[in-house]
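> Below are the sequence and a predicted model for it; my questions follow.
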Amino acid sequence: MKNILSNYKALLFLIFILFAIFHSLKNGSIVSAKFFFSNLAIRQGFFEENNIKYKGTHEPGRRYIELLNKNYNDAKNLRFFEILNSLSKVKNFDIAETEYNLEYKLIKKLKDLSKLPLREKKISAIYLSNSLQTFWNLSCDKLMLPFIVPAITNIVMIDGLPSENIKSCYGHRREYGYSRYLQYNKKTKSGDLDSKSICEIARDQNIKKVIEVYRSGLNYKSFVHNCEN
């Protein structure tokens with residue numbers, strides 16, 4: 001009787017272990033597949049039209065969802081040649097040959113500025129003019145855009161508040177902490193700022209240098225406004 005009970009417990013334990021292994025493998029496969037196909041969909045998006053209505057984190061992301069679902073359906077229906085063709089297409093693509101080239105170069109410029117020494121960052125700010133459409137069209141969520149610059153560079157941005165009449169596909173005027181700016185009556189300046197106006201803002205915030213990022217042909221350059229005096 002004891003042997004039977006012992007064998008029964010061993011069998012239950014074995015079933016439990018096999019059950020745990022099965023679900024671990026299953027969940028691991030699902031997570032890996034989601035990671036693979038989502039990354040594939042992101043890269044496929046670079047071959048699509050650069051249209052601001054598709055560039056957002058919520059409803060505008062439906063094009064990404066459509067690409068992702070297509071990849072899922074290809075896998076479910078064993079259309080492996082479709083997946084291989086998609087992989088081959090995105091494997092060695094050159095972003096300079098896509099409609100997202102200017103955005104890529106702008107982000108790269110911001111990443112270059114992120115390498116500045118910490119002592120420089122503490123006394124500096126970044127300015128992007130209202131007419132720099134590449135930046136202001138990075139996403140249809142216009143209220144999110146000003147946070148991109150400090151997020152990438154770890155340098156404050158001046159005159160980065162969206163205009164009062166700007167249209168955003170997501171987020172409300174009082175979200176993202178904008179209500180705090182309203183309490184202090186902080187508003188963006190209309191139009192592009194000259195060096196004098198830039199330095200007036202900088203001195204008010206105890207900033208000594210302002211790095212203005214601007215477009216030059218198909219590239220982005222920067223100019224430093226010295227506002228110490």
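Nice, thanks for sending it over. Numbers count the residues shown, from 1 in each chain.

> Where in this structure is the helix or strand with the lowest mean pLDDT?
When the helices and strands of the chain are scored by mean pLDDT, DSSP states H and E, helix 178-183 comes last with a mean of 77.

> That one: which residues count as buried?
For helix 178-183, burial by neighbour count (16 or more other C-beta atoms under 10 Å) applies to Y178. The way it works is simple: take the backbone N, C-alpha and C, and place the C-beta from them, glycine included.

> Show me what that helix is in contact with.
The contact list for helix 178-183 (C-beta atoms under 8 Å, 6 or more residues apart in numbering) reads 143, 161, 174.

> Toward the C-terminus, what is the element adjacent to it?
helix 195-204 (DSSP states H and E).

> Now do the contacts for L11.
So L11 contacts nothing (C-beta under 8 Å, 6+ apart).

> What separation is there between it and I21?
16 Å (C-beta to C-beta, to the nearest Å).

> Next: S179.
52 Å.

> part of a helix, is S222?
No - counting by DSSP: H, G, I helix; E, B strand; the rest coil, S222 is not part of a helix but strand.

> Count residues in the vicinity of it, would you?
15 (other C-beta atoms under 10 Å).

> where's it relative to L110, distance?
For S222, the distance to L110 (C-beta to C-beta) stands at 10 Å.

> what sits in contact with each of those two?
Common neighbours of S222 and L110, counting by C-beta under 8 Å, 6+ apart, are V213.

> What residues does L193 make contact with?
127, 129, 159, 201.

> ok, now with 7 Å
If a contact means C-beta atoms under 7 Å, 6 or more residues apart in numbering, then L193 has 127, 159 as its contacts.

> just L113 next, same as before
By C-beta under 7 Å, 6+ apart, the residues touching L113 are 126, 153, 155, 211, 222.

> pLDDT score for it?
pLDDT for L113: 96.

> Mind telling me which residue is nearest the centre of the protein?
I148 (7.8 Å; C-alpha atoms, centre = their mean).

> Output the below-cut-off pLDDT ranges for this protein.
Where the chain drops to pLDDT under 70, the residues are 1-8, 57-60, 171.

> That one: helices as residue ranges?
Assigned by DSSP state H, the helices in the chain fall at 2-44, 62-76, 80-91, 101-113, 118-122, 133-136, 148-153, 178-183, 195-204.

> What would the second one look like as PDB? C-alpha coordinates only.
Translated: helix 62-76. C-alpha atoms of helix 62-76 as PDB (Å, rounded to 0.1, in the frame of the first residue of the first chain):
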ATOM      1  CA  ARG A  62      -3.400  51.500 -36.000                       C
ATOM      2  CA  ARG A  63      -1.100  51.100 -39.000                       C
ATOM      3  CA  TYR A  64       1.500  49.500 -36.700                       C
ATOM      4  CA  ILE A  65      -1.300  47.200 -35.300                       C
ATOM      5  CA  GLU A  66      -2.300  46.300 -38.900                       C
ATOM      6  CA  LEU A  67       1.300  45.300 -39.700                       C
ATOM      7  CA  LEU A  68       1.600  43.400 -36.500                       C
ATOM      8  CA  ASN A  69      -1.600  41.500 -37.100                       C
ATOM      9  CA  LYS A  70      -0.500  40.600 -40.700                       C
ATOM     10  CA  ASN A  71       2.700  39.100 -39.300                       C
ATOM     11  CA  TYR A  72       0.700  37.100 -36.800                       C
ATOM     12  CA  ASN A  73      -1.600  35.800 -39.500                       C
ATOM     13  CA  ASP A  74       1.300  34.900 -41.700                       C
ATOM     14  CA  ALA A  75       2.700  32.800 -38.800                       C
ATOM     15  CA  LYS A  76      -0.600  31.200 -38.000                       C
END
